[in-house]
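Chemist: My questions concern the predicted model and sequence given below.
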Amino acid sequence: MKIFIDTADLDEIKKAYGWGVADGVTTNPSLLKKAVGKREGVDLKQYIKEVLSVAGNTPVSLEVTETNSEGMVREGLKLHQLFSEDGNVNIKVPVNPSFEMESESDFEGLKTIKALADEGVPVNCTLVFTPEQALLAAKSGATYVSPFAGRIDDLLRCNAKLKYGKTDYYPAEGLVEDHVLLEDNGILSGIDLVQQCVELLTYYDLNTQVIAASLRNTRQVREAALVGAHIATVPPKVISAMLRHVKTCEGMQKFTEDVVEEYANLK
Ligand code: E4P
């Protein structure tokens with residue numbers, strides 16, 4: 001499974017590439033706002049070029065902010081044209097940009113994906129919460145689909161009126177026995193959503209890769225890998241947590257204590 005870095009923060013991106021674990025970068029308007037907010041007077045065009053330079057030839061997602069097809073296509077083509085010489089840019093497009101259920105703009109996302117794909121612009125279809133949304137995005141020509149595991153877990157926990165922390169694994173131990181867990185139209189958890197998307201796209205040999213997104217803890221990353229997600233986009237904090245184990249620390253202390261002088265001084 002490839003690992004993308006889920007951040008727009010240049011320092012975090014540099015670190016992850018320095019560790020050798022980054023295969024790409026995903027950004028969204030909220031992540032960009034956070035990163036730019038830390039840096040007063042930043043030249044955004046230059047900043048994005050630096051991100052692309054650190055990422056080298058690996059894919060970097062830049063999201064559109066318009067909400068109708070005409071605007072999203074225009075913006076996607078502009079972003080691609082502005083930055084494709086500097087790196088491997090793909091354009092993030094919402095599967096459905098409507099703010100409300102059953103809106104006239106329901107199909108604007110799919111129209112945009114098709115138009116950009118027809119122009120040879122790779123698309124990462126975002127805000128995917130059902131396997132059927134993933135199927136439609138794949139049929140429209142998306143290169144990637146991003147099911148949002150953490151946000152589905154949030155919805156399931158809210159519906160079940162559970163108290164939770166954003167980074168808690170779901171379903172937590174004991175939950176199954178103590179609560180009635182509500183599914184979201186057949187989706188049992190964020191990882192279940194990822195698994196169903198992977199199964200569906202693989203079953204029909206659709207040439208679209210699943211990016212497990214909105215991952216908030218290490219166990220979700222493990223399970224995304226185990227259910228066959230092609231890619232997981234992971235926040236830097238979660239990557240750091242993936243490396244830690246109490247027994248690793250304990251083992252390091254003991255091995256360090258036990259070093260015999262002759263071994264350390266071998267020439
Ligand atoms: C990445 O493509 C998504 O935008 C991101 O993973 C969303 O994460 P969040 O739900 O934790 O904000």
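Modeler: Received it, and whenever you're ready, just let me know what you need.
Chemist: wait, doesn't N185 sit right on T130?
Modeler: Yes: between N185 and T130 a contact is recorded at 7.0 Å, counting by Cβ atoms under 8 Å. Glycine gets a C-beta too; all of them are placed from N, C-alpha and C.
Chemist: And those two? Which one has more around it.
Modeler: Between N185 and T130, counted using other Cβ atoms under 10 Å, T130 has the larger neighbour count: 18 against 7.
Chemist: which residues does the more buried one contact?
Modeler: N185, I187, L193 (Cβ atoms under 8 Å, 6 or more residues apart in numbering).
Chemist: Tell me the pLDDT of the residue in the stretch 151-267 of the chain positioned nearest to the ligand.
Modeler: Per Cβ to the nearest ligand atom, S214 is where the stretch 151-267 of the chain lies closest to the ligand, at 3.3 Å. As predicted, S214 sits at a pLDDT of 98.
Chemist: In a strand, I211, correct?
Modeler: Yes: assessed with DSSP: H, G, I helix; E, B strand; the rest coil, I211 lies in a strand.
Chemist: dump the residue contacts of it.
Modeler: Applying Cβ under 8 Å, 6+ apart, the residues contacting I211 are F4, T26, N124, Y144, V145, S146, P147, A229, H230, I231, A232, T233.
Chemist: doesn't F148 make contact with the second one?
Modeler: No: with contacts defined as Cβ under 8 Å, T26 does not count as touching F148, sitting 11.5 Å away.
Chemist: Can I get the contacts of T130 in CSV including distance to T65, pLDDT and secondary structure?
Modeler: Shown next, in CSV, are the contacts of T130 (distance: Cβ to Cβ, whole Å; pLDDT from 0 to 100; DSSP: H, G, I helix; E, B strand; the rest coil):
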residue, distance to T65, pLDDT, secondary structure
N185, 29, 93, coil
I187, 28, 95, strand
L193, 25, 98, helix
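Chemist: Could you dump the residues you listed into a markdown table with distance to the ligand added?
Modeler: Shown next, in a markdown table, are the contacts of T130 (distance: Cβ to the nearest ligand atom, whole Å):
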| residue | distance to the ligand |
| --- | --- |
| N185 | 19 |
| I187 | 15 |
| L193 | 13 |
